[in-house]
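Q: Output the structure for:
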Amino acid sequence: MNLVSCGKISIKILIPLFGGIIRLIGRFLLDINPKKEIVSKNPFIISIYSAFGMSLSFIPFLIYKRKNKDRDSKENNKLITQENRESKLSLKFEYYDANRQVKKEKEKYKLIILCTLFDFSETILINAFCNNCVYNLWVFDITIISLFSYLILKKKLYKHQYLSMIIIIIFGIGLNVIEYLKKGDDENKINPIEILSKFLSEIFYSLNIVINKFNMEKNFCSPYEICLWEGLINFILFSICLLVLNVLGLSIGDIRYPQNFYDYYNNFDLNDIIVILINIFASCFYNILVLITCNEYTPFHVLIILIINESYYYFKFIEDNIILNITGFCILLLLFIVFLVFIEVIEFNICEISINTIKNISLRAGRDSCPAIKNDDDEASENEEIEE
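A: Below you'll find the predicted structure:
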């Protein structure tokens, strides 16, 4: 047996890979835009653009609904006859199904609103307290998601996943050490409020992912529908927020209103239109791919997108920090490989670490489900020995 082997891989694994690459390209395009500085001082405007981009998911949602409607109508035409339409038993089942469907719809929208509030709170925390925080607290998302997955989805981890999680956290601490060293002689290397706010934002992000997964599994909610409603609600919330901040002249962290907004508005040009389009389309594709990844796989697979996105900080080879950036990129690459072990794309066949992967469990189930074949093989081998 090989020391390292591939687990059960589907072509759909490309979905989170594309999501991370789209997010990464979007950040680089915004980075080279000459309006980067003035835009960065107006994060709520960017949030409005991003929310609008999410609401564009109504296009794939309508296509999805149309396909499902056509499929359901065909199935109903095959199954329902004139006799069972008139039967009392059938009417009872139809009433029961309709009543259950109404309850599912109510629960579905409650969960969407709850997740939207988590997303909104996460953005407020980042913009208010940790917009400039460079520390990688997202590495702890794997433990937070594990906890919420156990409590909400009733999912347990296996030995290879616990071991991978420990190694990922160690590598994550290494990345934070590098960011600490990159700050040089900065007196405010570690801000407790900044760190606490970012950690809380990661909790909100993880809850958002796990609850969305629960909603898709239990209530059969489409990823496109979640993206659509979260985008629309966030668009309204951020618009109200921006209006209140400008009218009252409030400040959040380094963001000062209405001065920042006036500076942005008075200097609006073609570059700002480019920024708007990048944010809208990058947000649309990114958020849809995040939700599809969560639907097709597990909430953990979303972290593939975060890891790819995090490489942004290490592609910027500044002369003073080139060694630290290269070291950080190597650590991030190792972290990604270990994460592939966690999600069972890679298996280490040593000390029975990967004995409980999906692939190995399926193989054992296949062997155990065919005892008759095994007995026939044993009898055949015994008869051969007798004949000899």
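
Q: contacting residues for the nearest residue to residue 167 once chain neighbours are set aside?
A: Nearest non-adjacent residue to residue 167, counting by CB to CB, 6 or more residues apart in numbering: residue 338, 4.9 Å away. Where you see a C-beta, it was placed from the backbone N, CA and C, and this is true even at glycine. The neighbourhood of residue 338, defined by CB atoms under 8 Å, 6 or more residues apart in numbering, consists of 164, 167-168, 171.

Q: from those, which is closest to residue 263?
A: When the contacts of residue 338 are ranked by distance to residue 263 (CB to CB), residue 171 comes first, at 40.4 Å.

Q: And for the residue nearest to residue 219 when sequence neighbours are not counted, the neighbour number?
A: Counting by CB to CB, 6+ apart, the nearest residue to residue 219 once its immediate chain neighbours are dropped is residue 108, at 4.2 Å. The burial count assigned to residue 108 is 20, neighbours taken as other CB atoms under 10 Å.

Q: picking up where we left off before, and the residue nearest to residue 167, what's its pLDDT?
A: Residue 338 carries a pLDDT value of 92.

Q: Equivalent analysis for residue 205, please.
A: On the pLDDT scale, residue 205 is placed at 94.

Q: Neighbours of it, how many?
A: Summarising burial for residue 205: neighbours were counted as other CB under 10 Å, giving 21.

Q: tell me the contacts of the residue nearest in space to the middle of the chain?
A: For the chain, the residue whose C-alpha lies nearest the mean C-alpha position (CA atoms, centre = their mean) is residue 302; its distance is 3.4 Å. Neighbour list for residue 302: 16, 209, 290, 293-294 [criterion: CB under 8 Å, 6+ apart].

Q: measure it to residue 61 for me?
A: Taking CB to CB, to the nearest Å as the criterion, residue 302 is separated from residue 61 by 20 Å.

Q: How about residue 331?
A: If you go by CB to CB, the gap between residue 331 and residue 61 works out to 39 Å.

Q: same check, this time on residue 241
A: Residue 241 sits 26 Å away from residue 61, taking CB to CB as the criterion.

Q: just residue 280 next, same as before
A: 17 Å.

Q: Can you pull out the residues in contact with stretch 43-51?
A: 39, 123, 126-127, 131, 230-232, 234-235, 238-239, 241-242, 245, 255, 261, 264, 275-276, 279-280, 283.

Q: can you give me how far that stretch is from the chain middle?
A: Between the centre of stretch 43-51 and the centre of its host chain there is 19 Å, according to CA atoms, centre = their mean, to the nearest Å.

Q: Same question for stretch 214-228.
A: 14 Å.

Q: buried set for that stretch?
A: 214-216, 219, 221-228 (16 or more other CB atoms under 10 Å).

Q: next SSE after whichever strand or helix holds residue 197?
A: With the criterion set as DSSP states H and E, the secondary-structure element containing residue 197 is helix 192-218. The first helix or strand that comes after helix 192-218 along the chain, using DSSP H and E, is helix 223-248.

Q: Any buried residues in that next one, and which?
A: Taking 16+ other CB under 10 Å as the neighbour-count basis, helix 223-248 is seen to contain the buried residues 223-235, 237-239, 241-242, 245-246.

Q: relative orientation of that helix and helix 192-218 in degrees?
A: 150 degrees (axes from the mean of the first three to the mean of the last three CA atoms, to 10 degrees).

Q: helices or strands up against helix 223-248?
A: Where contact means 3 or more CB pairs under 8 Å, 6 or more residues apart in numbering; DSSP states H and E, helix 223-248 is packed against helix 43-55, helix 58-79, helix 88-129, helix 192-218, helix 270-296.

Q: To residue 326, which of those helices lies closest?
A: Closest of those to residue 326 is helix 192-218, at 25.1 Å (criterion: CB to CB).

Q: Now that closest one: buried residues?
A: 194-195, 197-198, 200-216.

Q: That one vs helix 270-296, what angle?
A: Regarding helix 192-218 and helix 270-296, their directions subtend 50 degrees when assessed with the same axes, to 10 degrees.

Q: so what secondary structure elements neighbour helix 192-218?
A: Packing partners of helix 192-218 (3+ CB pairs under 8 Å, 6+ apart): helix 88-129, helix 141-148, helix 223-248, helix 270-296.

Q: lowest-confidence stretch among the ones you listed?
A: In terms of average pLDDT, helix 88-129 trails the rest of the helices and strands packed on helix 192-218, at a mean of 77.

Q: rewinding a little: go through the helices and strands packed on helix 223-248 and pick out the most buried.
A: Of those, the one with the most neighbours on average (mean count of other CB atoms under 10 Å) is helix 43-55, at a mean of 22.

Q: Okay, angle between that helix and helix 223-248 too, please.
A: Put simply, helix 43-55 runs at 160 degrees to helix 223-248, going by the same axes, to 10 degrees.

Q: All set, thanks.
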